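Colleague: Quick check, what structure comes out for this input:
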Amino acid sequence: MDAAAQIFAGGLFQGSLYAVMAVGLALIWTTIGVFNFAHGVLMMLGAYVAWQLTELGLPFFVVLPLSVFLMAGFGWALQATVVRPLIGRPNIVLVVVITTLAAASLVENGALQIWGPRSKQLPALGDGNTMIFGVGISLHQLTIILITPFVLLGLWLFLHKTRLGLALRAVAQNEDASLLVGLNVRALYGLAFAISAGLAALAGIFLGGYRFMSPVMGADPLLKALIVVVFGGLSSITGPIFAAYLIGFFEAICSYYFGLYWTPALLFAVLIVTLMIRPQGMFSSKTRGLA
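Modeller: Numbering: from 1, shown residues only. Below is the predicted model:
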């Protein structure tokens, strides 16, 4: 019972982190059809912006939404400078990979110059620990587990119940038809990047309260987000959400029984076998769209 409870708690926590990390990356792909390889540094920058605002004396309940809002603006600016000028050109997927990698390097080195290499940490979302079904868990982890479903539900409601969300779904399904009915597709691309950057900032803040921050902290979350998106499927954002929790539980089981050293190898082995059997991803649908 204790082992099952530990695995369940660990899987929920890991899955919640991966879901917030990956859903923004999936949003960009389903809307524009490109991968944003600066997504990891957006997580890092969101954490550092929150840390800086905390150092200025702002309460954390103000810091969190303000950081997400500021990073949404930064995401829009990133799209306007390194993605929008390339839309419609040949080989856009490869070119955007290069430009976003270049932007990631610039932002990472800029953070190193501004904040230095010394590790930092954000305040936890909750102080102390608690016991649930005989398993100890920090209140920070528990808060992330509880907050994440509401964040994902809010994104779903935005995409399905608002005019802007429905417009984003229309662009994801058929860009040409969206242009014909008068939608401002380029503005919607900017909105998708802004939402994605805001979600990346939230993931970075979650991570910054859980472990120490550094200017290179975005590399591992980016890799995990890519694994989740590819494993879940590239045609929607619901597939990566399901995949995030599935991978979270898989990692928790492997960590418990085989140790942290073998967990990444086992994860990649399962990913390779899955893609050999189902190349489109575990939860992929036939058409691309923000379902």
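
Colleague: Can you list the helices and strands that the helix or strand of the chain with the lowest mean pLDDT packs against?
Modeller: None of the helices or strands of the chain scores lower by mean pLDDT, DSSP states H and E than strand 129-132, at a mean of 76. In this structure, strand 129-132 packs against strand 135-138, helix 139-161, with contacts taken as 3 or more C-beta pairs under 8 Å, 6 or more residues apart in numbering; DSSP states H and E. For glycine as for every other residue, the C-beta is placed from the backbone atoms N, C-alpha and C.

Colleague: need the ones you listed in CSV with distance to M44, mean pLDDT and mean neighbour count, can you?
Modeller: Formatted as CSV, those follow (distance: least, C-beta to C-beta, whole Å; pLDDT from 0 to 100; neighbours: other C-beta atoms under 10 Å):
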stretch, distance to M44, mean pLDDT, mean neighbour count
strand 135-138, 22, 79, 16
helix 139-161, 18, 92, 16
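
Colleague: With respect to K224, which of those lies nearest?
Modeller: Nearest of the helices and strands packed on strand 129-132 to K224, taken as C-beta to C-beta: helix 139-161 at 14.8 Å.

Colleague: After the closest one, which helix or strand is next?
Modeller: Per DSSP states H and E, the first helix or strand lying C-terminal to helix 139-161 is helix 163-173.

Colleague: Let me see the mean pLDDT of the very next helix or strand once past that following helix.
Modeller: Proceeding N to C from helix 163-173, the next assigned helix or strand is helix 175-180, under DSSP H and E. Rounded to a whole number, the mean pLDDT of helix 175-180 is 83.

Colleague: Might you report the residue contacts of V93?
Modeller: When contacts are counted by C-beta atoms under 8 Å, 6 or more residues apart in numbering, V93 is found next to G33, V34, F35.

Colleague: And those, which of them are buried?
Modeller: V34, F35 (16 or more other C-beta atoms under 10 Å).

Colleague: Quick check: which of the helices and strands packed on strand 129-132 is nearest to Q113?
Modeller: When these are ranked by distance to Q113, counting by C-beta to C-beta, first place goes to helix 139-161 at 29.4 Å.

Colleague: contacts for the closest one?
Modeller: With contact meaning C-beta under 8 Å, 6+ apart, helix 139-161 is reached by 9, 12-13, 16-17, 19-20, 23, 124-130, 132, 164-166, 168-169, 195, 199, 202, 206, 209-210, 237, 241, 290.

Colleague: Repeat that for stretch 251-266.
Modeller: Outside stretch 251-266, the residues that reach it (C-beta under 8 Å, 6+ apart) are A3, Q6, I7, F8, G10, G11, Q14, F250, L267.

Colleague: Save the residues you listed as JSON lines, and put in distance to V82 and neighbour count too.
Modeller: Formatted as JSON lines, these follow (distance: C-beta to C-beta, whole Å; neighbours: other C-beta atoms under 10 Å):
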{"residue": "A3", "distance to V82": "47", "neighbour count": "11"}
{"residue": "Q6", "distance to V82": "43", "neighbour count": "18"}
{"residue": "I7", "distance to V82": "41", "neighbour count": "19"}
{"residue": "F8", "distance to V82": "41", "neighbour count": "15"}
{"residue": "G10", "distance to V82": "37", "neighbour count": "20"}
{"residue": "G11", "distance to V82": "36", "neighbour count": "21"}
{"residue": "Q14", "distance to V82": "31", "neighbour count": "22"}
{"residue": "F250", "distance to V82": "34", "neighbour count": "20"}
{"residue": "L267", "distance to V82": "31", "neighbour count": "17"}
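
Colleague: how far away is S178 from A50?
Modeller: From S178 across to A50, the span is 35 Å (C-beta to C-beta, to the nearest Å).

Colleague: more crowded one of those two?
Modeller: Neighbour totals were compared for S178 and A50, and A50 leads with 28 against 19 (other C-beta atoms under 10 Å).

Colleague: list the contacts for the more buried one?
Modeller: Remark: with contacts taken as C-beta under 8 Å, 6+ apart, A50 is in contact with V63, L64, S67, L122, A201, G204, I205, G208.

Colleague: Burial check on the fourth one, number of neighbours?
Modeller: By other C-beta under 10 Å, 25 other residues sit near L122.

Colleague: Equivalent analysis for the third one, please.
Modeller: By other C-beta under 10 Å, 29 other residues sit near S67.

Colleague: Got phi/psi on the spatially closest residue to it that is not a sequence neighbour?
Modeller: For S67, ignoring the flanking residues on the chain, the nearest one in space by C-beta to C-beta, 6 or more residues apart in numbering is A50 at 4.1 Å. Note on A50: its backbone torsions stand at phi -60, psi -40 [degrees, to the nearest 10].
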